[in-house]
Every structure is written in C-alpha cells, then in structure tokens.
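Participant: coords please:
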Amino acid sequence: MPQHNEHIKKLIAARRQVVAERRQVADALSEPYKKGHTENMRTSFIAVQNTIEAIDRAIDDERVPKL
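Facilitator: So this is what the prediction gives:
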C-alpha cells in the first residue's frame, strides 16, 4: 500500500501545479481582448481544465481497492 499512497501523493502534487497554471491562464483571460492572444488563452484554459479532470479521474482510480 505505501507505493499506492506515493502514486496518489504525486498525482495530488501534479494537480496542485496544474491548478496554479489554470489560475495564470484565467488571469490572462481577464485582460482586455487581444486578437490571437485571447483565443490562445481560451484554448490553453480548456487544455489545462481537461488535464485537471484527467488527474482527478486518475486519483479516483488509484483510490479504488485493487483485487
């Protein structure tokens, strides 16, 4: 089980970093519209959010007891 907990800890640390990245992208999105830049930030925000959701699923999977 210790290795199992290490995987979860690493996933949680990764999630923390990606959430920080999402905050930076959200800050950029809150700035006045700049053609090209704003669209890139929207795309980045969606990619970052998808990554967070994937990490959440991985954490849930690691917590499921394995047979």
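Participant: could you pull out the helices for this structure?
Facilitator: Here the chain has its helices, by DSSP state H, at 2-29, 37-63.
Participant: could you redo these as CSV and give each row mean neighbour count and mean pLDDT?
Facilitator: C-beta: built from backbone N, CA, C; applies to glycine. As requested, those are exported to CSV (neighbours: other C-beta atoms under 10 Å; pLDDT from 0 to 100):
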stretch, mean neighbour count, mean pLDDT
helix 2-29, 13, 94
helix 37-63, 14, 97
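Participant: and residue 42, what does it touch?
Facilitator: Residue 42 makes contact with residue 29 under the criterion C-beta atoms under 8 Å, 6 or more residues apart in numbering.
Participant: so how far is residue 62 from it?
Facilitator: 31 Å (C-beta to C-beta, to the nearest Å).
Participant: in this structure, which residue is closest to the centre?
Facilitator: residue 52 (2.7 Å; C-alpha atoms, centre = their mean).
Participant: Excluding chain neighbours, give the residue nearest to it in space.
Facilitator: residue 18 (5.4 Å; C-beta to C-beta, 6 or more residues apart in numbering).
Participant: Could you double-check that the one you found lies in contact with residue 48?
Facilitator: Yes - using C-beta atoms under 8 Å, residue 18 makes contact with residue 48 at a distance of 6.0 Å.
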